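Visitor: just a sequence and a predicted model for now, questions to come.
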Amino acid sequence: MNYRDFGKTGEKISALGFGCMRFPEYKQDEKHFVDQDKVDEMIRYAYENGVNYFDTAPYYCNSNSETALGHAVKDFRNKILISTKCPIDKGMTEKDYREHLERSLTRLGTDHIDFYHFWALNRGAFDDVVLAGNLLEAAAKAKEEGLIRHISFSFHDHPSAIKYIIETAEARGVKMESLLCQYNLLDRSNEEMIKYANEKGLGTIAMGPVGGGRLAAPTDLYAKLTGKPSISTYELAFKFCLGNPHLNCALSGMQNLDMVQKNVKVSSDDTAFSAEEWEQLGLAMEEIKKFSELYCTGCKYCQPCPAEINIPRIFEIWTYYNVYGLKDHAKNMMRDYIRRGGKTFADCLDCGVCEDKCPQHLEIRKNLEKVCKILSE
Ligand code: SF4
Ligand code: SF4
């Protein structure tokens, strides 16, 4: 495993971070459960192979992720860094912040959280909730008491808000210590702010390092650029992320042991990109970008849709059509989706709820109309 300085937090972080939002689950008597045996095995494998950063949140995996992670790491809790998040709800007070924190500590079975995030901040939530509710002060107090070791934020907004949040917090006497944001080969919009944050001393982590799965197809791009043997686009995407000198860790949501093994292998590879290769890849980006005019990360924030349209699934099928060029395969997938009762744009109620919730600000209705039409032809 490769390690980096995690900003100026004084921590060394593994190049691969374990995202705990896709643990294997099952349903019984209408209740959701995490498959704890599998999770224990995945987490232990990651730990034994050098992963030291584990990121969860209260609502992941039907609100079971924190408890499952706490169970899985109990034998080596103090040898790893645990990250979790405080939901930012309208009208929150310091008391609410504290209660969220205490519930997370209980679920995780620990007396401290290493990186406690203000969750999915945007400028509006920062101004109207974090500042208005004195939550920065609540975080500083929790840190003083040793309940959290570092104050962090995760982010979904226009990149300029990153700078605003860091500077405004600093002016209120609170230092943000790490940043978790979207970054990958297909979406480099936060790149400049990642550099800014890292130079200010924040640890930086990318979520979605392989672009919501859309970079998983093999390609000869790397071979073309470097003259070296070809690598999979999956590996390329990881290496690109980690090749950014201002990015400390790539966080991957892992679903099974196979995925953990694959990710560990890529992030332990000592054939890191040279600065020149990284630059070259950046230029080649422009070519790849033309495939990503519909950049759905599969986050599912647009769900549930009142018309029960599985928007992320349809956009995923579109990726097979548009990015991988697997047109017949994609049309078959769409036929199968419809055969199983899947709803399409024809069922859309035009309510716009999905668009209000999409962190990528996608024009969902317009895209659904186009994509459903082409995939059903
Ligand atoms: S606009 Fe259509 S797709 Fe979006 S939430 Fe409403 S019904 Fe669903
Ligand atoms: S909210 Fe947007 S990015 Fe997330 S799954 Fe829905 S369409 Fe995709």
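Guide: Received it, and whenever you're ready, just let me know what you need. Numbers count the residues shown, from 1 in each chain. Ligands and ions are numbered 1, 2, ... in the order given.
Visitor: which segments of this structure make up each domain?
Guide: Listed domain ranges for the chain are 3-289, 311-376 (source: automatic domain parsing).
Visitor: so which of those is the most surrounded?
Guide: Mean neighbour count (mean count of other Cβ atoms under 10 Å) peaks for domain 3-289 among the domains of the chain, with a mean of 19. (C-beta placed from N, C-alpha, C; glycine too.)
Visitor: strand partners (parallel or antiparallel) of the helix or strand harbouring C181?
Guide: Element membership for C181, per DSSP states H and E: strand 178-182. Its sheet considered, strand 178-182 pairs with strand 148-155 (parallel), strand 203-207 (parallel) by DSSP bridges.
Visitor: mean pLDDT and distance to ligand 1 added to those strands, as TSV?
Guide: Listed next are these as TSV, based on pLDDT from 0 to 100; distance: least, Cβ to the nearest ligand atom, whole Å:
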stretch	mean pLDDT	distance to ligand 1
strand 148-155	96	24
strand 203-207	96	24
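Visitor: among these, which is nearest ligand 2?
Guide: Closest of the strands paired with strand 178-182 to ligand 2 is strand 203-207, at 12.4 Å (criterion: Cβ to the nearest ligand atom).
Visitor: what's next to the closest one, contact-wise?
Guide: Residues outside strand 203-207 that contact it (Cβ atoms under 8 Å, 6 or more residues apart in numbering): 6-7, 9, 11, 13, 17, 19, 53, 55, 115, 150, 152, 154, 177-184, 194, 197-198, 241, 246-251.
Visitor: so it, near ligand 2 or not?
Guide: No. Using Cβ under 6 Å from any ligand atom, strand 203-207 stays clear of ligand 2, with a minimum separation of 12.4 Å.
Visitor: ok, now stretch 184-200?
Guide: No. Against ligand 2, stretch 184-200 shows no contacts by Cβ under 6 Å from any ligand atom, the least distance being 10.8 Å.
Visitor: that stretch: how far from the chain's middle?
Guide: Its chain's average C-alpha position is 14 Å from that of stretch 184-200, according to Cα atoms, centre = their mean, to the nearest Å.
Visitor: ends of that stretch, how far apart?
Guide: Distance across stretch 184-200, first residue to last, is 21 Å (Cα to Cα, to the nearest Å).
Visitor: any idea of the mean pLDDT for it?
Guide: In this model, stretch 184-200 has an average pLDDT of 89.
Visitor: ditto for stretch 159-173
Guide: For stretch 159-173, mean pLDDT rounds to 95.
Visitor: just the C-alphas of that stretch, formatted as PDB.
Guide: Provided in PDB are the C-alpha atoms of stretch 159-173 (Å, rounded to 0.1, in the frame of the first residue of the first chain):
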ATOM      1  CA  PRO A 159     -16.200  24.400  -6.800                       C
ATOM      2  CA  SER A 160     -15.800  28.100  -5.700                       C
ATOM      3  CA  ALA A 161     -17.800  27.300  -2.500                       C
ATOM      4  CA  ILE A 162     -14.900  25.100  -1.300                       C
ATOM      5  CA  LYS A 163     -12.700  28.200  -0.900                       C
ATOM      6  CA  TYR A 164     -15.500  30.200   0.700                       C
ATOM      7  CA  ILE A 165     -16.200  27.500   3.300                       C
ATOM      8  CA  ILE A 166     -12.500  27.100   4.200                       C
ATOM      9  CA  GLU A 167     -11.900  30.800   4.500                       C
ATOM     10  CA  THR A 168     -15.100  31.600   6.300                       C
ATOM     11  CA  ALA A 169     -14.500  28.900   8.800                       C
ATOM     12  CA  GLU A 170     -11.000  30.100   9.400                       C
ATOM     13  CA  ALA A 171     -12.300  33.700   9.900                       C
ATOM     14  CA  ARG A 172     -14.600  32.200  12.700                       C
ATOM     15  CA  GLY A 173     -11.500  30.600  14.300                       C
END
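Visitor: which outside residues touch it?
Guide: For stretch 159-173, using Cβ under 8 Å, 6+ apart, the contacting residues are 121-123, 126, 131, 136-137, 140, 153, 155, 175-176, 179, 181, 189-190, 192-193, 196-197, 200, 202.
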